[in-house]
Structure formats: C-alpha cells, structure tokens
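S.K.: sequence-free structure coming up:
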C-alpha cells in the first residue's frame, strides 16, 4: 500500500509542478488553488508512505517520479526539447527509481 501511495504522491507532484507555470507567480486564483491542493495532497500522501518506507528511498522515488514525469509532459505537451542527452538522463533516473524499489523491503 505504501508504494501505491508513493506513486500517487509522485503523480501529484507532476500536477503541481506543471501547475506552477500556470499560476503566473500565484497571481491567478484558480490555477493557484489547484496547484496548492495538489501540493498538499502530494505531501500528505508522501508522509503516509514514509510511515512504512525508508525516508531516503521514499523521498528519492517521489522526486524521481515528479522529475521524470514533469520532463516527459514538457516534451510531449509543451514542446520542450527531447535531445539524446536529455532522454538518456531521464532513463538513468528511471533506472535509479526501479533500483531503489527493488532494493527496498516491502
């Protein structure tokens, strides 16, 4: 269950990271409220997951999901560059996430 909460927290990190762009410095009400709600939910779920997962593993996986997911959304929907160096780097982060999952007791 902790891993499912952690993955959901990571997905919400993608939502709030992308939401920051749309808040325009928190000057737009609705994007700001959605972003803050996603932040609170993401942190809350991370906190619940860390009750039974090691903090180093949980935090690294949460950040990794958010970083890779946000970069992929940037490439696919926002037209950001998808050069070889960037894709290899994202792949290495994914390898690290999988490695942490496989080396952490459930």
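M.R.: Structure received. Bear in mind the structure is a predicted one, so any value in this text is a computation, not a measurement. Numbers count the residues shown, from 1 in each chain.

S.K.: shaky segments in this structure?
M.R.: Residue ranges of the chain with pLDDT under 70: 106.

S.K.: okay, residue 68 and residue 24: tell me how far apart.
M.R.: Distance, residue 68 to residue 24, by C-beta to C-beta, to the nearest Å: 25 Å. For glycine as for every other residue, the C-beta is placed from the backbone atoms N, C-alpha and C.

S.K.: host element of the residue minimising distance to the centre of the chain?
M.R.: Nearest to the mean C-alpha position of the chain, by C-alpha atoms, centre = their mean, lies residue 66 at 1.7 Å. If you go by DSSP states H and E, residue 66 is part of helix 55-77.

S.K.: next SSE after that helix?
M.R.: Next element after helix 55-77 (DSSP H and E): helix 84-103.

S.K.: in that next one, what counts as buried?
M.R.: Across helix 84-103, burial judged by 16 or more other C-beta atoms under 10 Å covers 90, 93, 97, 100.

S.K.: re earlier: now for the residue nearest to the centre of the chain: which residues touch it?
M.R.: By C-beta atoms under 8 Å, 6 or more residues apart in numbering, residue 66 lies in contact with 10, 13, 14, 17.

S.K.: what is the burial count for the second one?
M.R.: So that's residue 13. Residue 13 sits with 25 neighbouring residues when counted by other C-beta atoms under 10 Å.

S.K.: surely it and residue 64 touch.
M.R.: No - in this structure, residue 13 is not within contact of residue 64 by C-beta atoms under 8 Å, at 9.8 Å.

S.K.: before we move on, back to that, what's the closest of the contacts of residue 66 to residue 72?
M.R.: Minimum distance to residue 72 across the contacts of residue 66 is 8.6 Å, recorded for residue 14 (C-beta to C-beta).

S.K.: in which helix or strand does that closest one reside?
M.R.: Residue 14 belongs to helix 2-23, assigned by DSSP H and E.

S.K.: how distant is that helix from the center of its chain?
M.R.: 5 Å (C-alpha atoms, centre = their mean, to the nearest Å).

S.K.: taking helix 55-77 as reference, get the angle to that helix.
M.R.: Relative orientation of helix 2-23 versus helix 55-77 (axes from the mean of the first three to the mean of the last three C-alpha atoms, to 10 degrees): 50 degrees.
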